[in-house]
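Asks: with the input below, show me the fold.
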Amino acid sequence: MTTKKRDYYEVLGVGRNATGEEVKRAYRKLAVKFHPDKNPEDPQAEDKFKELGEAYDVLMDADKRAAYDRFGHAAFAQGAAARGFHDPFDIFREVFGGAGGGIFETFFGGAGMRGEDRQRGSDLRYDMQISLEEAAFGTDKEIEVRKLDVCDKCAGSGAEAGSRTITCPACSGRGQVISSRGFFQVSQTCPRCRGAGEMIEKPCRQCHGEGRLEKLSRIKLKIPAGIQDGSRLRSSRNGEAGIRGGQHGDLYVVVHVREHKIFQREADDLYCEVPIPFSVAALGGEIEVPTLQGKAQLKVPAGTQSGQVFRLRGKGILNVNGRERGDLLARLIVEVPSRLNPEQRRKLEEFAALCGEENTPMRKSFFDRAKEFFG
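Replies: Just a heads-up that it's a prediction; the model follows:
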């Protein structure tokens, strides 16, 4: 039995004219309410949380929101992989500022959270420019990222050789400190041990006990064929190292496709304008059309008009999900001779004298419709 999807605006409880900030505020309020960690006894909480993430992902993206406003859920009828929805837990971390520490513990109390989760490294963003050809066929890239990585001297432990760990005196090993604010008590990560509950007796002199140092890292990435401009790739565990051996964050690579000299892309189709001689347009013939795979032959029928579009099937870009290849749409532009020698001019004048209204039906139709303007 299928369940009808709810309207995204209804899911977040905002109007259709809501600003991005209003959408974000609504999401923050509801995401905390329905987060699975806060509702362990509610089997529907995770579904509601995912629904909120999906609604937020669409309404905060200008292109997705415009498509949704126009077509509703039908705009994304090809499934989650095709429409590019993000993991709702990733969205939550982005909106609330990280998987551990700060506001996360304020809402969920921090009790029962593991030390390594609280020490997780930050996620990073890297903006990469690629060519249209690289986007079409896919490519392997190596990038350089300066980030906090594991300290070589202490192997990420943050401790000098032979150093002991001692109980944090500030939180007595709990990893949390409680402060009173009026009638409320707020539990927060201990600022001294950063939630670990323990401290190093002799911190590493190279990294000062953090277990990480700033380094230049080289990271290899595989760019899939058919990737779209603005797509985001996740390189797992290639973000910053966590504190004292904590888990690495992730690296998010945002792909920007450079403009091409000849082709414009729309979804998986390519568009280009191809100039052709006046004689070929009139008499017909065969011309060469550029494609990303090389040259292709196109038969031009006699009497082709300037601006006429011809479709070359399968000469576009492979869909990123590997299903089908798009088409190339070539718009033919008839090039009128700009300079004529005396012999060419004489021949063209003879040709013009031989032409009647039957040779220019579009012109005749236009002036028949425009007679009322000429009196």
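Asks: contacts and neighbour counts: CA atoms only from here.
Replies: Fine.
Asks: gap between Gln228 and Val309?
Replies: 24 Å (CA to CA, to the nearest Å).
Asks: over to Ala296?
Replies: Plainly put, Ala296 is 15 Å away from Val309 if you go by CA to CA.
Asks: could you do Val186 as well?
Replies: For Val186, the distance to Val309 (CA to CA) stands at 66 Å.
Asks: in terms of neighbours, single out the busier of those two.
Replies: Legend: neighbour count by other CA atoms under 10 Å for Val186 and Val309, higher for Val309 (18 against 14).
Asks: wait, that one sits on Leu328?
Replies: No. Between Val309 and Leu328 there is no contact under CA atoms under 8 Å: 9.9 Å.
Asks: and stretch 119-138, what's its mean pLDDT?
Replies: Per-residue pLDDT values across stretch 119-138 average out to 93.
Asks: just the helices in the protein please.
Replies: 8-12, 20-34, 45-59, 62-71, 80-83, 88-96, 103-108, 115-118, 132-137, 278-283, 342-354, 361-369 (DSSP state H).
Asks: tell me which residues of the fourth one are tucked away?
Replies: Judged by neighbour count (16 or more other CA atoms under 10 Å), helix 62-71 contains these buried residues: Lys64, Arg65, Tyr68.
Asks: and which of those is nearest Glu273?
Replies: Glu273 lies nearest to Lys64 out of those, by CA to CA, at 28.7 Å.
Asks: my read is that the closest one contacts Val58, right?
Replies: Yes. Between Lys64 and Val58 there is a contact at 5.2 Å, judged by CA under 8 Å.
Asks: just put the helices of the chain in a markdown table and tack on distance to Val336.
Replies: Putting the helices of the chain into a markdown table (distance: least, CA to CA, whole Å) gives the following:
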| stretch | distance to Val336 |
| --- | --- |
| helix 8-12 | 53 |
| helix 20-34 | 50 |
| helix 45-59 | 48 |
| helix 62-71 | 39 |
| helix 80-83 | 44 |
| helix 88-96 | 55 |
| helix 103-108 | 67 |
| helix 115-118 | 69 |
| helix 132-137 | 31 |
| helix 278-283 | 6 |
| helix 342-354 | 12 |
| helix 361-369 | 17 |
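Asks: nearest to His248, of these?
Replies: Of all the helices of the chain, it is helix 115-118 that lies closest to His248, at 9.9 Å by CA to CA.
Asks: which of the helices of the chain sits closest to Pro191?
Replies: helix 115-118 (11.8 Å).
Asks: which of the helices of the chain sits closest to Ile317?
Replies: Of all these, helix 132-137 comes closest under CA to CA, at 5.4 Å.
Asks: convert the C-alpha atoms of that closest one to PDB, please.
Replies: C-alpha atoms of helix 132-137 as PDB (Å, rounded to 0.1, in the frame of the first residue of the first chain):
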ATOM      1  CA  LEU A 132      32.500  20.000 -20.000                       C
ATOM      2  CA  GLU A 133      34.400  17.100 -21.500                       C
ATOM      3  CA  GLU A 134      35.500  15.900 -18.100                       C
ATOM      4  CA  ALA A 135      31.900  16.200 -16.900                       C
ATOM      5  CA  ALA A 136      30.600  14.200 -19.900                       C
ATOM      6  CA  PHE A 137      33.100  11.300 -19.800                       C
END
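Asks: what does it contact?
Replies: Contacts to helix 132-137, defined as CA atoms under 8 Å, 6 or more residues apart in numbering, come from residues 223-228, 257-260, 292, 317-318.
Asks: returning to what we had before: out of the buried residues of helix 62-71, which is nearest to Val145?
Replies: For those, the nearest to Val145 is Lys64 (30.3 Å; CA to CA).
Asks: can you pull the pLDDT of the closest one?
Replies: 89.
Asks: what does Phe89 give?
Replies: pLDDT for Phe89: 71.
Asks: separation between it and Cys154?
Replies: 32 Å.
Asks: out of the helices of the chain, which is closest to Ser180?
Replies: With CA to CA as the criterion, Ser180 lies closest to helix 103-108 of the helices of the chain, at 12.9 Å.
Asks: most centrally placed residue in the chain?
Replies: Nearest residue to the geometric centre of the chain (CA atoms, centre = their mean): Ser231, 2.6 Å.
Asks: pLDDT weak spots in the protein?
Replies: By pLDDT under 70, the low-scoring segments of the chain are 1-3, 77-84, 87, 93, 96-118, 181-185, 363, 372-375.
Asks: if you count neighbours, what's buried in stretch 49-57?
Replies: For stretch 49-57, burial by neighbour count (16+ other CA under 10 Å) applies to Phe49, Lys50, Glu51, Leu52, Gly53, Glu54, Ala55, Tyr56, Asp57.
Asks: and the furthest pair within the residues you listed?
Replies: It's Phe49 and Asp57 that sit farthest apart of those, by CA to CA, at 12.3 Å.
Asks: and the closest residue to Leu312 other than its chain neighbours, what are its bridge partners?
Replies: Closest residue to Leu312 apart from its sequence neighbours, by CA to CA, 6 or more residues apart in numbering: Leu328 at 5.1 Å. Assessed by DSSP bridges, Leu328 has beta-bridge partners Leu270, Leu312.
Asks: for Leu328, give its distance to Ala296.
Replies: 10 Å.
Asks: of the two, who's got more company?
Replies: Shown here are Leu328 and Ala296; by other CA under 10 Å, Leu328 has more neighbours (27 against 13).
Asks: ok, that one touching Tyr271?
Replies: Yes. Here Leu328 reaches Tyr271: they are 5.8 Å apart, a contact under CA under 8 Å.
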